[in-house]
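> My questions concern the predicted model and sequence given below.
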Amino acid sequence: CISSSSSRARRLRCRPARASRFAMADLNSQAFWNDFMRRPDAKAAYQSERKLQMKKGMWLEEKRMIEERGDHRKVLGDALEEAPADIKKLVAPMFHIRVVEQFLWMIYDECQNKSMPFLEKLRDESTLVHLRKLRENFQEGGEERMKDLESNWLSICHGIADAEEAKKEVKPITADIHTLKQVLEFAQECKREGNIKFREGLYEEALRIYDQGDEVMKKWKVGEHLKTENKWLKEYHIACLKNKAQAALKLDLFQTALEAADGALKIDAEDHKAWYRKVQAEKGLGHFDEAEASLTRLDEVAQFCPDRRSILQDCEAERQRIRAARAKHKQGTKDMVGKAFENGLFSADRDKQVDNDTETRRRALLAESEKEAPKAVAPPKALERSIQLTEALAGELIDELTKSYGQKWYQERVQKCARDSGFERMVFLRRLKNIAFEVQKPILEKWGFEGSEQGVREMTVAIRDHAGKDGKSMPEGLKKKQDACLRVLYGGEEGGMLGILI
């Protein structure tokens, strides 16, 4: 006893020093911080800080724009003091409208840059035509019309800016050996981390990781003489782009998936997986002709693949799905247009009929209701039950569910689901249903229930049998187990949903 107590005391004395040395060594290593940032609490704190900084940046930008607009108004007001009376009369009623301020400031700024008199530019006929047009729109439609004008103007300006930006091609920089080593290590880490998140069903995080890898790799290139290194970079980049497309497809981000697949095909035009991702993205966007053309190209590429038989089978199945999606889309469009014609949306006399529409429909409905007897509504199909649980068995089932819900991967996914849902009750519950079913299905089948939504309903009713007819008479011990199960089902205290749901 004395020897065991003394050895235990030595371990206790040594532990703080050893832990301190370990912590100091870890804090100075990149591996420690890589592991630390994988922790759910660290990720949540980082994401929360990022959102806060983004909101703060937006607020500061809005504040800057408001202050800048105020400065512009003051400068323009001073400049217009010396304008002729007819121009003042034209501008004064609409001077507070933002699009008018922007137009006047654009003229003032141009005059400052070209050293031209502002008042002379205002008297110019082209300027007066624009101002008169703005005044006419303001008098006819008020501030609402001016808002529409501003939106159209901004969309045109943004379109021009985007077109100019698209012309600027970002040329990759040739990497030296040291930089290339870092890029390849980063690419490998992105692929590994992204694949882990994808397998866990955290598609948004996987997409973010793959996107980071893509952004880094497309900035660099390898000299043609380094053939092996060039091959490595291309292989990692194309794998990252294909995985990015797959994650985007899981999130129904079809345009992102299409861009990623196109990026992969620019590197290797014969990659069958990239072609398949492109087909799925084009189908999701409703571009059925393009999807079929890509599928034909995939058929050609598959001829040179070792597993061409399975690829061609997948192509044929996808071709059938595209045809079905096209037919469904066509029928939906036909029904929509038919209803529009029935309602007179394209009628030239629609404006004359608006006042009488409500009364006409009311009379028609009354006439139909007098002719036709009301149809009996069939009662909902009763739940077919085959399993009854005693109180003890119900308790064991709840304990098993609680243990499974408490798994780390499940808690991380539910907490992520809560954040992605914006902590909105209905959105969260709708998304939680599929996550919870992954845990529930093996337990349902083990206990003899059907491994489906029907089985979940039957299991729930079997447990609620012990709550009595009023739903409030459940035995105290069983009630405590049920409450504990619900807490872990909804992600625990860290999930942020308990106060909303319970």
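Thanks, I have it.

> Val99 touches Leu149, doesn't it?
Yes - with contact defined as C-beta atoms under 8 Å, Val99 and Leu149 form a contacting pair (5.5 Å). Just so you know, the C-beta spots here come from the backbone N, C-alpha and C atoms, and that holds for glycine as well.

> shared neighbours, those two?
Common contacts of Val99 and Leu149, defined by C-beta atoms under 8 Å, 6 or more residues apart in numbering, comprise Leu134.

> Can you report how many residues lie near Ala324?
By the measure other C-beta atoms under 10 Å, the count of residues near Ala324 is 10.

> Spit out the contact partners of Arg308.
By C-beta under 8 Å, 6+ apart, the contact set of Arg308 is Ala302.

> can you offset everything so residue one is 38?
Got it, the first residue is 38 from now on, which makes the last one we talked about Arg345.

> mind listing the strands for the stretch 188-337 of the chain?
Taking DSSP state E, counting those that start in this stretch as the criterion, the stretch 188-337 of the chain carries its strands at 210-211, 257-258.

> any idea which of these is most buried?
Most buried of those, by mean neighbour count (mean count of other C-beta atoms under 10 Å): strand 257-258, with a mean of 18.

> So which elements touch the lengthiest helix in the chain?
As assigned by DSSP state H, the longest helix anywhere in the chain is helix 162-204. Judged by 3 or more C-beta pairs under 8 Å, 6 or more residues apart in numbering; DSSP states H and E, the packing partners of helix 162-204 are helix 122-128, helix 135-151.

> now the closest residue to Pro209 other than its chain neighbours: how far from Val220?
Nearest residue to Pro209, sequence neighbours excluded (C-beta to C-beta, 6 or more residues apart in numbering): Lys258, at 4.1 Å. Relative to Val220, Lys258 is positioned 10 Å away (C-beta to C-beta, to the nearest Å).

> How about Ala431?
Going from Ala431 to Val220 by C-beta to C-beta gives 57 Å.

> circling back: who does the residue nearest to Pro209 form a beta bridge with?
The partner list for Lys258 in beta bridges (DSSP bridges) reads Thr211.

> can you give me the strands in the stretch 438-539 of the chain?
For the stretch 438-539 of the chain, no strands turn up when DSSP E, counting those that start in this stretch is the criterion.

> quick one on the thing from earlier: export the strands of the stretch 188-337 of the chain as JSON lines, with columns for mean pLDDT.
Listed next are those as JSON lines, based on pLDDT from 0 to 100:
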{"stretch": "strand 210-211", "mean pLDDT": "80"}
{"stretch": "strand 257-258", "mean pLDDT": "82"}
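
> Glu173 is nearest to which of those strands?
Counting by C-beta to C-beta, Glu173 lies closest to strand 210-211 out of the strands of the stretch 188-337 of the chain; the figure is 53.7 Å.

> who's in contact with the closest one?
Residues outside strand 210-211 that contact it (C-beta under 8 Å, 6+ apart) are 256-260.

> and which of those residues is nearest Lys517?
Using C-beta to C-beta, the shortest approach to Lys517 within the contacts of strand 210-211 belongs to Lys256, at 56.9 Å.

> Tell me which residues touch the nearest residue to the closest one once chain neighbours are set aside, please.
Of all residues not flanking Lys256 in the chain, Pro209 sits nearest, at 5.8 Å (C-beta to C-beta, 6+ apart). Neighbour list for Pro209: 255-258 [criterion: C-beta under 8 Å, 6+ apart].

> Let me know the closest of these to Leu113.
Set against Leu113, the nearest of those by C-beta to C-beta is Lys256 (43.2 Å).

> pLDDT value on the closest one, please?
Note for Lys256: predicted pLDDT of 83.

> what's the answer for the one 4 residues further on, then?
Looking at Gly260, its pLDDT reads 78.

> Spatially nearest residue to it (excluding sequence neighbours)?
The spatially closest residue to Gly260, leaving aside those adjacent along the chain, is Thr211, at 5.9 Å (C-beta to C-beta, 6+ apart).

> again, but for Trp142
His109 (4.9 Å).

> With Leu141 as the reference, measure out to that neighbour.
From His109 to Leu141 the distance is 8 Å (C-beta to C-beta).

> Those two: which is more packed in?
Under the neighbour definition other C-beta under 10 Å, His109 and Leu141 were set side by side, and Leu141 has more, 24 against 16.
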